[in-house]
Every structure is written in structure tokens, then in C-alpha cells.
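Asker: sequence first, then the predicted structure:
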Amino acid sequence: MLGPNPLKRRLEQGDCVYGMLNSVPTPWLVEMLGHAGYDFVVLDLEHLSVNPESVEHMIRAAECAGIAPLVRVPGVDPGAIQRALDAGAMGVVVPRVEDADQARRVVAAARFQPLGRRGITGGRTTGFGRLPLGDYLTRANDEILVVVMIESALGVENIDAIAEVAGVDWVLEGAMDLAHDLGVAPDTGHHSVRQALDRVARACARAGRRFCAIPRAEGQHRYWRERGVATFLVGEDRGILFRRLRDLRASFDAVDPGV
């Protein structure tokens, strides 16, 4: 059953929130992230083929562990957005939004009337009727997060108009795809990428939207904190797990065989 969004409450209190991109699609890992202290998890349906039942189980795991589940859908797809929210996601993340019209389409798919045109259903989001449908409609419009990603030069060019779209809550940067679009991949630290991200962050501040940064190098977290950013996606579980497993295995090769 949809409850108050803890991310919104923490941000309203002046706290920072930290999330993890989930690329190992299992409820166990989602639950582990919650107990590890992360505030939100982004379940990735853009680059992974995950069946709907598994997504729902991962959302349940997030609820059990007190971590807010957001779902990254494949694109500006009203059907995918609605299915993610009907499964219980507390927000949707939509990649490669490039203009205000696309942002408005995202909001329309994620919000109920009068803010959007999302279709109505019951099920687990209402506690199977325990939460009156009218209350659910109001709560969903108040609590569900709409997050758009800026991952291209065109998106950066149109960021002022995108950020002004009513119903958009956060703007998440996608520096790697942006670097590719700018012709400097994989250098996410290139000055053209940094300048573009600064432009996006400034537009968000002017429009009263949250800019969600992805710190990739030493000093970047401090850089964004000094500019008032309080929402961070701090990594991807798949890469973190691989590096830790690799380093652990390698550590045994370094041991003196005579010990």
C-alpha cells in the first residue's frame, strides 16, 4: 500500500538522500541495500530484461527494508510508467528526456487528474481496498516522484523548459551518455560534460527542482554539496560487487606462500 514518501520527508527536513542503481535484479540485494542504509534504489528496466513479477517482488523487498523503490523505465512510455507505479514503485525515472513536450508526457503518464492522465486501478497500491481509492489518488499525486534524466546535448539545450514543467520533481544527470553524445566518451570529467552538468543544476535551482548528481570521482560529492545539491545516486551494485569480489580474490595472490 502506498504510504508517505520518505525521500520527500527527508529532503523537506534538510537531509541528503543517497541511492543505488540496481543492476543485479534480485529481491535479496534490494533488501540488503535498504539494511545497508541507502535511502532509495533505482530498479533498472532500461538496460535489463526483468519480468514484471520479479520487479514487484523487488519493490516488496524495498518496502520491507525501508528503502524507497524507484523504477527506471525504458523511455517515455506511458504503459511502462503506469505498470511500474501500479506495481508499487514510489517513483519513476525516465531516461533521455530531451524537451519539454516529452517531460509533459512523462508527467501525464505518472500523475492522476487534474495533474495528469494516468489510468486508475486498485490492487496492492491501495492495500487491496484498505486505502480508499479517492485517498489513494490524492496520495499518489502528492508522494510519487517523477524523475527525468538528461543524457544528451539536446536535453541540456532544452533544460530550462524541461525544468519548468509542472509535476517534474527531480532531474537526474546521465554524464556517461552525455559524454558519448558530446563526442568525449568515456571521459565524464571532460570540461564540456562538467559545463553541461553545471548548466543543468543551475536550471533546476531556478525552477525549484531537485538535481540528482552521480559522484564518480574524488571531490565531486563535495562539489555538489557546496552548490546545495542534496540528492545523489552513488553507484551501481553490479560494478561495486564485481570490483570487491575481484579485489578480494587478488588479495590472496599477494600473500607470501611461505606464511
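Answerer: That came through fine.
Asker: Arg139: what's it in contact with?
Answerer: Residues near Arg139 by Cβ atoms under 8 Å, 6 or more residues apart in numbering: 2-3, 131. For every residue, glycine as well, the C-beta is placed using N, CA and C.
Asker: quick one, which of those residues are buried?
Answerer: Buried subset of the contacts of Arg139 (neighbour count, 16 or more other Cβ atoms under 10 Å): 2, 131.
Asker: dump the contacts of Arg139 to a markdown table, plus secondary structure and pLDDT.
Answerer: Formatted as a markdown table, the contacts of Arg139 follow (DSSP: H, G, I helix; E, B strand; the rest coil; pLDDT from 0 to 100):
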| residue | secondary structure | pLDDT |
| --- | --- | --- |
| Leu2 | coil | 93 |
| Gly3 | coil | 92 |
| Leu131 | coil | 94 |
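Asker: can you add distance to Gln82 and give the contacts of Arg139 back as TSV?
Answerer: Below are these laid out as TSV (distance: Cβ to Cβ, whole Å):
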residue	distance to Gln82
Leu2	14
Gly3	20
Leu131	18
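Asker: for Glu226, state which of the contacts of Arg139 is nearest.
Answerer: Gly3 (33.3 Å; Cβ to Cβ).
Asker: any figure for the gap between that closest one and Gln113?
Answerer: Separation of Gly3 from Gln113 (Cβ to Cβ, to the nearest Å) stands at 22 Å.
Asker: and what of Arg199?
Answerer: 34 Å.
Asker: neighbour-wise, which of these two wins?
Answerer: Arg199 (15 against 11; other Cβ atoms under 10 Å).
Asker: state the pLDDT value of that one.
Answerer: We have a pLDDT of 98 for Arg199.
Asker: so what's Arg199 closest to, chain neighbours aside?
Answerer: Spatial nearest neighbour of Arg199, excluding adjacent residues (Cβ to Cβ, 6 or more residues apart in numbering): Val156 at 6.0 Å.
Asker: number of nearby residues for that neighbour?
Answerer: Counted with other Cβ under 10 Å, Val156 comes out at 24.
Asker: is it fair to say it lies in a strand?
Answerer: No. With DSSP: H, G, I helix; E, B strand; the rest coil as the criterion, Val156 is assigned helix and is not in a strand.
Asker: that one is in contact with Arg194, isn't it?
Answerer: No. If you go by Cβ atoms under 8 Å, Val156 and Arg194 don't touch, sitting 11.8 Å apart.
Asker: and the strands in the stretch 101-250 of the chain, which stretches?
Answerer: For the stretch 101-250 of the chain, strands defined by DSSP state E, counting those that start in this stretch occupy the ranges 145-150, 170-173, 210-213, 231-236.
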